[in-house]
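Q: give the three-dimensional model of this entry:
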Amino acid sequence: MFKDLMLHLRDGVFITTNIPAFNDDLIRTALRRFLELSPFEREQYSQKEIAVGFDGYSYLGQDDSLNQYDKDLLHSFVLSDISKEEHFPQAFQKYLQKEFPEQLSFIRELEKEVLKNLGFPEYLAFYEQYIKHMVSCNFYPELDTATKKKVPAERLPFHTDVSLFSVFLFGLESGFAYEKPNGEKVVLDTVDEVVLFPGYFMELLSKGKIKALIHGVVLPENRMEERFSFAFFSIPKPNATLELSSFNGSGSDYYQYYLNQF
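A: Predicted coordinates for the structure are as follows:
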C-alpha cells in the first residue's frame, strides 16, 4: 500500500507525506448538520452523556469538556471506534458507516509505516493489541467583531495531544501552528496532503526519544472566516493494561494522567 510513500520529518517534529489529502465532504456535512440542531438536542450527546473515552460534544464556552477549555473558540464532536455507532447522532451515521472504517484502516497502516520509519518496529505488536482511534470534528465559527468582544490570543491555545499520533487525513486549513524544538512558532498555510505528528503517548512510549508536538490554531486576519479541522488520534483502549517505564495503569488511567497536565 505504501511502497512509494515519502515521509519528511519537518523541524524534527512535524511529519509531511506525499499522500494527497482525502475528501472531507461527508464528515464536514455531518458536522454542519449536527451543529444545526438546537443547543438542547446537541447537549444530549455531550461527553458526560456518552461517558466513553473522549467521545461526544463539546461547545464554545463549556467549562467541563475533556478536550477543550471554556476559552477555546470552537465546537467539537469526538467520534471513536470504542463507542458503538448507535451512541452517536443521526447526523454522523452515514459517515460512520460509509467512510470511517476504511479511513481508520488506512490510518492504522500509515501509522505502522511511520513507526518503522522512526526506528520503532518493536512497537508494532503493542500497536496491534492496544491502539484504537478517535476523530475530533472541529468547527471554529467566525469571531465576534461587531461587539469588539475580547478574544483569546489564539483560536486554540498551544498544547500537546493525548495520542500516539495525530493524523490529519484531510490536510489542514490555514491557521495551524506548531512549535519548533527551539521554541520558534511556525504558522502554516493550507496543506493539501496527509500530515501527522507525535502526541504525548508517543513521548511516553518512546521514553522521551520522540517528543510530542506542541501546536495550536492562531487567529485569522479575517474575523469572519470559519474553519474546519478533523484530527484522528491513536489512543490506548480504555481497558488496556499499560506497563510503561513512566506510567502504569489502564488506558482510562492514562487519559486522566494526560489531562492532569492541564
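Q: can you tell me the helix or strand for Ser76?
A: Using DSSP states H and E, Ser76 falls within strand 75-80.
Q: which strands or helices does the following helix or strand past that strand pack on?
A: Going down the chain from strand 75-80, the next helix or strand is helix 93-98, by DSSP H and E. On a contact count with 3 or more Cβ pairs under 8 Å, 6 or more residues apart in numbering; DSSP states H and E, helix 93-98 meets helix 25-35. In this view, the C-beta of every residue, glycine as well, is placed from N, C-alpha and C.
Q: hey, C-alpha coordinates of the longest helix seen in the chain in PDB?
A: Counting residues, the longest helix in the chain under DSSP state H turns out to be helix 100-117. Provided in PDB are the C-alpha atoms of helix 100-117 (Å, rounded to 0.1, in the frame of the first residue of the first chain):
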ATOM      1  CA  PHE A 100     -15.000   5.900   8.900                       C
ATOM      2  CA  PRO A 101     -13.900   2.100   8.900                       C
ATOM      3  CA  GLU A 102     -11.900   2.400   5.700                       C
ATOM      4  CA  GLN A 103     -10.200   5.600   6.800                       C
ATOM      5  CA  LEU A 104      -9.200   4.000  10.100                       C
ATOM      6  CA  SER A 105      -7.900   1.000   8.300                       C
ATOM      7  CA  PHE A 106      -5.800   3.300   6.100                       C
ATOM      8  CA  ILE A 107      -4.500   5.300   9.200                       C
ATOM      9  CA  ARG A 108      -3.500   2.100  11.000                       C
ATOM     10  CA  GLU A 109      -1.400   1.000   8.100                       C
ATOM     11  CA  LEU A 110       0.100   4.500   7.800                       C
ATOM     12  CA  GLU A 111       1.000   4.800  11.500                       C
ATOM     13  CA  LYS A 112       2.700   1.400  11.400                       C
ATOM     14  CA  GLU A 113       4.800   2.600   8.500                       C
ATOM     15  CA  VAL A 114       5.700   5.700  10.400                       C
ATOM     16  CA  LEU A 115       6.700   3.700  13.500                       C
ATOM     17  CA  LYS A 116       9.000   1.600  11.300                       C
ATOM     18  CA  ASN A 117      10.400   4.800   9.600                       C
END
